[in-house]
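In: below are the sequence and a predicted model; questions follow.
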Amino acid sequence: MPKILITDKNRKFIVKDENKDVHTNFGMITAEDIKKAKPGDKVKSNKDYVFSVSEADFIDLYRKIKRSAQIIPLKDIGFIITETGLNKKSVIIEAGAGSGALGCFLAMICKKVYSYEIRQDFYELVKKNISYLSLKNIAVKNKDAKIGFDETDVDVVILDLADPWELVEQSRKALKIGGFLVSYSPTIPQVMDLTDRLGEDFTYIKTSEIMEREWEINKRKVRPKSQAIGHSGFLSFARRIK
Ligand code: SAH
């Protein structure tokens, strides 16, 4: 893992190449200082700002992945994991991949992720993000998910595309009996069309919206932050029973 430099205001800089000086808006840190530093050490920039050195974790790199389509926020990924009980034995499918944000995060949790993306440019981007994060257990395919999934007997199918109701039958074929169908949609008409389509093959579980309210903690100024993340999407869950 590369090193990261963290300021006392929690600004982070990932060291991409230890042989090069790192230029930040808090000044420049020399390659020589960075190379010598061990986790826990401090380095100083030419503008006298102090940085703490540590090793980057998955989440540090994840937050820097390249983005194209709107990516799913972490709060929603957390809910998908807990509601479906995703774990190291799980094999899952996601469509569409977008930037691969959801798929890459879940690859850290699951045994295997199969990811479908219809657009060639997004598919290329996902491949770049997978290699940047050094993930080996996610396979991205440049395919239209409407044609159907190649896999069967999977534990979870996650749909994040505009018309999830068009993929219910394909998802049923790919899921094991008892497997979960998860759909992430920004609007309620999408949720309505999806749940209408579930029929007798699925048992509908629920639709939820996750709200995160971050607080500002600054001496006696302790209050919800004035700027918050607005609406992201509704998460719908169903289970294959037939
Ligand atoms: N969850 C993703 C974002 C998905 S955006 C992330 O976190 O990064 C929705 C994506 O679905 C877009 O990239 C779009 O190109 C893709 N898509 C739409 N219809 C599709 C289809 N039929 N098959 C595969 N991908 C599709």
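Out: Yep, that arrived. Numbering: from 1, shown residues only.
In: for the rest of this, base every contact and every neighbour count on C-alpha atoms.
Out: Noted.
In: show me the beta-bridge partners of the closest residue to Lys47 other than its chain neighbours.
Out: Setting aside the residues directly before and after it, Lys47 is nearest to Gly27 in space (C-alpha to C-alpha, 6 or more residues apart in numbering), at 5.1 Å. Note on Gly27: beta-bridge partners by DSSP bridges are Thr24.
In: ok, how many other residues are close to Gly27?
Out: Applying other C-alpha atoms under 10 Å, we find 14 residues neighbouring Gly27.
In: could you measure from it over to the ligand?
Out: 33 Å (C-alpha to the nearest ligand atom, to the nearest Å).
In: which residues sit in contact with that residue?
Out: 45-49 (C-alpha atoms under 8 Å, 6 or more residues apart in numbering).
In: just give me the neighbour total for Ile130.
Out: Ile130 has 24 nearby residues by other C-alpha under 10 Å.
In: name the nearest residue to it, sequence neighbours excluded.
Out: Cys104 is the one closest to Ile130 (C-alpha to C-alpha, 6+ apart), at 6.6 Å.
In: tell me who's in contact with that neighbour.
Out: 129-130, 133, 135, 138.
In: and the contacts of Gly27 as CSV, adding neighbour count, distance to Pro164 and pLDDT?
Out: Output for the contacts of Gly27, formatted as CSV (neighbours: other C-alpha atoms under 10 Å; distance: C-alpha to C-alpha, whole Å; pLDDT from 0 to 100):
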residue, neighbour count, distance to Pro164, pLDDT
Ser45, 17, 50, 93
Asn46, 12, 53, 94
Lys47, 11, 52, 93
Asp48, 12, 53, 92
Tyr49, 14, 50, 92
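In: need the max-distance pair from these.
Out: Asn46 and Tyr49 (7.5 Å; C-alpha to C-alpha).
In: who are the packing partners of the strand or helix carrying Tyr123?
Out: If you go by DSSP states H and E, Tyr123 is part of helix 120-132. Packed against helix 120-132 by the contact rule (3 or more C-alpha pairs under 8 Å, 6 or more residues apart in numbering; DSSP states H and E) you find strand 138-141.
In: any idea of the mean pLDDT for the strand it packs on?
Out: Throughout strand 138-141, pLDDT has a mean value of 98.
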